[in-house]
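Asker: can't give you the sequence, but here's the structure:
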């Protein structure tokens, strides 16, 4: 594995991302802050590594990112094994996130979907449900967004098709997002 090449790819991808999606990313920050200030919540989810990243992001909102402060309203839809297995068994795996959005999503909430391909059927179904229920959809994905692109109010597609690179940039973006939310909600004195 060529570590220098990976570091160069990172630098290039971040530059390309912020040129192409910098304003969209700023819009995502503003949307999350605005929703949280109004008492709304963020529902985050994904599959596999993306599920882990969604969980990590939510933990930083509910507990803290860099400083002690009141908890922020956020839920991970990929962590309740009883709900996931019940829906997966009784309905379909494609419905594991959409059913939870039906139950927990309110107009004005934010859906934060992570999908490296942009084509995960359960993520696509969830995005459709979120839009039907009046939730704002933010999608972190890979180059072009796949089938999720038209379902995203705010598309944050990393300019890569390599899953590890996409996930690494997603984690960086989630850290920046968590930090910006925290600072804007609870500015340092």
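Answerer: Sure, I can see it. The model shown is predicted, which means the values in this text are computed figures rather than measured ones.
Asker: Bridging across strands, which residues link to the residue nearest the centre of the chain?
Answerer: The chain has residue 112 as the residue nearest its centroid, 3.3 Å off, counting by CA atoms, centre = their mean. Under DSSP bridges, the beta-bridge partners of residue 112 are residue 44, residue 138.
Asker: quick one, what contacts the closest residue to residue 79 other than its chain neighbours?
Answerer: Excluding the flanking residues, the one nearest residue 79 by CB to CB, 6 or more residues apart in numbering is residue 55, at 5.7 Å. Where you see a C-beta, it was placed from the backbone N, CA and C, and this is true even at glycine. By CB atoms under 8 Å, 6 or more residues apart in numbering, residue 55 lies in contact with 44, 76, 78-79.
Asker: Would you mind listing the buried residues in whatever helix or strand residue 55 lives in?
Answerer: Residue 55 belongs to helix 49-62 when elements are defined using DSSP states H and E. Within helix 49-62, the residues scored as buried using 16 or more other CB atoms under 10 Å are 49-55, 57-58, 60-61.
Asker: Residues contacting the next helix-or-strand element following it, please?
Answerer: Using DSSP H and E, the helix or strand that follows helix 49-62 in sequence is strand 74-76. The set of residues external to strand 74-76 that reach it, using CB under 8 Å, 6+ apart, is 41-45, 51, 54-55, 57-58, 61-62, 104.
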